[in-house]
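Novice: The following comprises the amino acid sequence and a computationally predicted model.
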Amino acid sequence: MSNPRVKFIVPHLLERKNSSEALTMVTAYDSTFASIVDEAGVDLILVGDSVATVMQGQKTTLGVSMEHMEYHVQMVASVKPKALIVGDMPFGSYQASAIDAVKNAVRLIKAGAEIVKLEGGVHVQEQIEAIVRADIPVMGHIGLTPQSYHRMGGNKVQGRSDGEQSGGRDRILSDARAIEEAGVCAFVIEAVPASLATEITAATRVPTIGIGAGVNCDGQVLVLHDLLGLSERTFTFAKAYSNLRQLSLNAVSEYVSDVQQRRFPDSTNSFQ
């Protein structure tokens, strides 16, 4: 018999940094999908503010509220996964002050998150330090930061040009150093050239988790709906491992036909 799977905890992140086994993180926003991804063996479940674009039909993540994030964290936490639960701090929950950052991080932890994640580098170092002082684990997020949608002029690859300006290669290196110094236990690198992500991963003492950042990060993250082929759009950085959108369309279409032709319910689906 194989050994039973143990609960993944924060100290395991650093252990993975020093091992050959890459970290796996997948988004989930409800109990059904959380139970599926957990049974499949992912290390971390990200309850992402991507719920806005994936489930709410929004163009950006900017409209997500703390109440939304608490609700979805609670649903994921209800299945008591072996995976580590990471809760995204939504736009507006930490940008104004370190005090706001700590208060809202506490709210996510009370909802069931085991790590909070926030976006940015140098300019959020103070907020990260404050949350860490409150004894709450923090995951950072640098490179393409979706909450900076308007500043970036859309979701665009970062770090292709030199310089300390926002989105420049040198600024992203500074961001990585700043959040490591602030005390993050890991950080996401999104949409940067693979060579830059490799350089950052080699230089930092904490694990990096890539999305659109090449294979040499310490782990990878994908949005579940992209992984399952549920999304209408396809993305260069994502890989669909199934085509659940088409399978779902086929199943519902068959149901519609069966009802219209009075083939459903039949005697096996009816009470006598």
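Specialist: Yep, that arrived.
Novice: Tell me how many other residues surround K82.
Specialist: Other residues lying near K82 total 17 when counted by other C-beta atoms under 10 Å. Bear in mind the C-beta positions are built from the backbone N, C-alpha and C, glycine included.
Novice: Surely it is in contact with F8?
Specialist: Yes: assessed by C-beta atoms under 8 Å, K82 is found in contact with F8 at 6.1 Å.
Novice: who touches the lowest-mean-pLDDT helix or strand in the chain?
Specialist: In the chain, no helix or strand scores lower on mean pLDDT, DSSP states H and E than helix 149-152, which sits at a mean of 92. The contact list for helix 149-152 (C-beta atoms under 8 Å, 6 or more residues apart in numbering) reads T60, T61, L62, L144, T145, N155, Q158, S166, G167.
Novice: Relative to H68, which of the residues you listed is nearest.
Specialist: Set against H68, the nearest of the contacts of helix 149-152 by C-beta to C-beta is T61 (10.4 Å).
Novice: for that closest one, helix, strand, or coil?
Specialist: Here T61 is recorded as coil under DSSP: H, G, I helix; E, B strand; the rest coil.
Novice: try V188
Specialist: Criterion first, three-state DSSP; result for V188: strand.
Novice: what residues are up against it?
Specialist: Counted by C-beta under 8 Å, 6+ apart, V188 has contacts K117, M139, G140, H141, I142, G143, T208, I209, G210, I211, V221.
Novice: Now do the contacts for the first one.
Specialist: Counting by C-beta under 8 Å, 6+ apart, K117 makes contact with L46, V86, G87, D88, M89, V138, M139, G140, H141, V188.
Novice: ranges for the strands of this structure?
Specialist: Using DSSP state E, the strands of the chain run over residues 23-27, 44-47, 84-88, 115-117, 138-143, 186-190, 208-211, 219-222.
Novice: can you list those strands in CSV and add distance to A178?
Specialist: Shown next, in CSV, are the strands of the chain (distance: least, C-beta to C-beta, whole Å):
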stretch, distance to A178
strand 23-27, 22
strand 44-47, 22
strand 84-88, 20
strand 115-117, 16
strand 138-143, 9
strand 186-190, 10
strand 208-211, 15
strand 219-222, 21
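Novice: can you pull out the helices in the protein?
Specialist: Remark: helices assigned in the chain by DSSP state H are 10-17, 31-40, 51-54, 66-77, 98-111, 125-133, 149-152, 169-182, 194-203, 224-227, 244-260.
Novice: Which one, of these, ends up nearest to T24?
Specialist: That would be helix 31-40 among the helices of the chain, by C-beta to C-beta, at 9.0 Å.
Novice: Understood, closing this out.
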